[in-house]
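Colleague: What follows is a protein structure lacking sequence information:
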Ligand SMILES: NC(=O)C1=CN([C@@H]2O[C@H](COP(=O)(O)OP(=O)(O)OC[C@H]3O[C@@H](n4cnc5c(N)ncnc54)[C@H](O)[C@@H]3O)[C@@H](O)[C@H]2O)C=CC1
Ligand SMILES: O=CC(=O)O
C-alpha cells in the first residue's frame, strides 16, 4: 500500500509524477478531490506545501497521522513550528538550492526600479516612444550603497552580485558576519541611513514583523529604494505605501506582500514600484532541485529515518 500524502499546491510536472509513483497524492488545490480528501484525512501522514503557503493550525489539527510537513521552499513562517514540535511533526525545507535565483530576483528588481525597466516596456508598447514622449533618466547602481537586512544565504548572494555592479555593501544581521568584509550596522535604522538601496532578505517571524517601519523608511530618504525578496510581513506596508505616495522614498521592487496573492491595490499604481508575484525561486532548474529535496525528505521519513533537511 502506498502511503497517502496531501499536496497543498502544484509542483513541477516531473516532480508530481515522481510523487505519484511513490504515494497516493491527494491534491488540495483540485476542486474535484475535496470529497476524497475529507475521507482520507485520518490516513494522510505527510503534507507537501510551499514556503509562502505553509499549513494552518486547523489543517494540522485535521490530520491526526501527520508526521512531516515538507516545505518546498525555505520560509517556515507559514507553519506554527511550536505546534508541529508539540505533535512531533518534522518540518523540512529546501535550503541552498534556491539562493542564487532569489538573489537574481533581488538584483532584477533593483535594476528594474533604478533603470525604469517596467515603465520603459509600457512606454514602448503604448506607442509613447513613437509619439516622441520623454522618458526619465535612470539611476546607476555603480557607486551606490546596498544595505542588506538579514545576511543569510540569500542576503550574501545578493551582496556578492551587487559588488559586481560596483556597489558598496552594508548589512544588519542579528549576529556579526565578519568573513564578508562588508560594513555591519547596529540597527535597521542605522543601516537604512547608510543605504541607497535597502534589500530585505531576513526571515519572517514575530521578531522581524514590520522591521522596515516608518522610522527605517525615513532614514533611507527620498532618493533611496526598497527591494523585498523575503516576506511582506517584514515591511510595514502602510508606512511603505505612504512613503511611496508622498515621495519620501524613490521607489520599491517587491516580490512578496502581506496577504498574497490578494495584495493591497494601492501597490498597483504606486510610483516607481515594480511588482512580482512571488517568483524568487521560480525557475525550472531550481524548482527541480527543490523538488528533489522534498522527495528525499519524504523518502527518509517513510523509511523511518530523520529527513535530511529538517528545520525544527
Ligand atoms: N521571494 C521568494 O521567492 C523567496 C523568499 N525567501 C525568503 O527569504 C528568507 C531568507 O532565506 P535564506 O537567506 O535562504 O535563509 P537564511 O536562514 O540563510 O537567512 C535568514 C536570515 O534571517 C535572519 N533572522 C532570522 N530570524 C531573525 C530574527 N528573529 N531577528 C533577526 N534576524 C533574523 C538570520 O540571522 C539570517 O540572516 C526566507 O526566510 C524566506 O522568507 C526564501 C526563498 C524564496
Ligand atoms: O518563498 C519561498 C520560500 O522558499 O520560502
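Modeller: Alright, I've got the coordinates. None of the values given here were measured: they were computed from a predicted structure. Ligands and ions are numbered 1, 2, ... in the order given.
Colleague: just the helices in this protein please.
Modeller: Secondary structure of the chain by DSSP state H: the helices cover 13-22, 34-40, 57-61, 81-86, 99-114, 117-125, 153-164, 188-193, 214-220, 237-246, 284-302.
Colleague: Can you lay out the ones you listed as CSV showing distance to residue 4, mean neighbour count and mean pLDDT?
Modeller: Glycine gets a C-beta too; all of them are placed from N, C-alpha and C. Putting the helices of the chain into CSV (distance: least, Cβ to Cβ, whole Å; neighbours: other Cβ atoms under 10 Å; pLDDT from 0 to 100) gives the following:
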stretch, distance to residue 4, mean neighbour count, mean pLDDT
helix 13-22, 11, 14, 98
helix 34-40, 6, 12, 96
helix 57-61, 15, 14, 98
helix 81-86, 19, 14, 96
helix 99-114, 32, 22, 99
helix 117-125, 44, 14, 98
helix 153-164, 33, 21, 98
helix 188-193, 44, 20, 98
helix 214-220, 46, 21, 98
helix 237-246, 39, 18, 98
helix 284-302, 11, 19, 98
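Colleague: count of residues packed around the closest residue to residue 247 other than its chain neighbours?
Modeller: Spatial nearest neighbour of residue 247, chain neighbours left out: residue 222 (6.1 Å); criterion: Cβ to Cβ, 6 or more residues apart in numbering. Neighbour count for residue 222, taken as other Cβ atoms under 10 Å: 11.
Colleague: What of residue 140?
Modeller: By other Cβ under 10 Å, neighbour count at residue 140 equals 12.
Colleague: ok, for it, nearest residue in space, not its chain neighbours?
Modeller: Per Cβ to Cβ, 6+ apart, closest to residue 140 is residue 114, 7.3 Å.
Colleague: residues touching residue 149, list them.
Modeller: Contact analysis of residue 149 by Cβ atoms under 8 Å, 6 or more residues apart in numbering lists 155, 171-172, 188, 191, 198-202, 211-212, 230, 234.
Colleague: restrict these to those near ligand 1?
Modeller: Subset of the contacts of residue 149 in contact with ligand 1: 155, 201-202, 230, counting by Cβ under 6 Å from any ligand atom.
Colleague: coming back round to it: isn't the residue nearest to residue 140 right up against residue 225?
Modeller: Yes. Residue 114 is in contact with residue 225 according to Cβ atoms under 8 Å; the separation is 7.0 Å.
Colleague: any common contacting residues for those two?
Modeller: 197, 251.
Colleague: how near is the residue nearest to residue 247 to residue 158?
Modeller: As for residue 222, its distance to residue 158 is 23 Å (criterion: Cβ to Cβ, to the nearest Å).
Colleague: tell me the phi and psi of residue 89?
Modeller: Taking degrees, to the nearest 10, you get phi -100, psi 130 for the backbone angles of residue 89.
Colleague: Identify the residues contacting it.
Modeller: By Cβ under 8 Å, 6+ apart, the neighbours of residue 89 are 60, 66-69.
Colleague: hang on, the earlier thing: want to throw the helices of the chain into JSON lines with distance to ligand 2?
Modeller: Below are these laid out as JSON lines (distance: least, Cβ to the nearest ligand atom, whole Å):
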{"stretch": "helix 13-22", "distance to ligand 2": "15"}
{"stretch": "helix 34-40", "distance to ligand 2": "24"}
{"stretch": "helix 57-61", "distance to ligand 2": "18"}
{"stretch": "helix 81-86", "distance to ligand 2": "14"}
{"stretch": "helix 99-114", "distance to ligand 2": "8"}
{"stretch": "helix 117-125", "distance to ligand 2": "21"}
{"stretch": "helix 153-164", "distance to ligand 2": "9"}
{"stretch": "helix 188-193", "distance to ligand 2": "21"}
{"stretch": "helix 214-220", "distance to ligand 2": "22"}
{"stretch": "helix 237-246", "distance to ligand 2": "17"}
{"stretch": "helix 284-302", "distance to ligand 2": "8"}
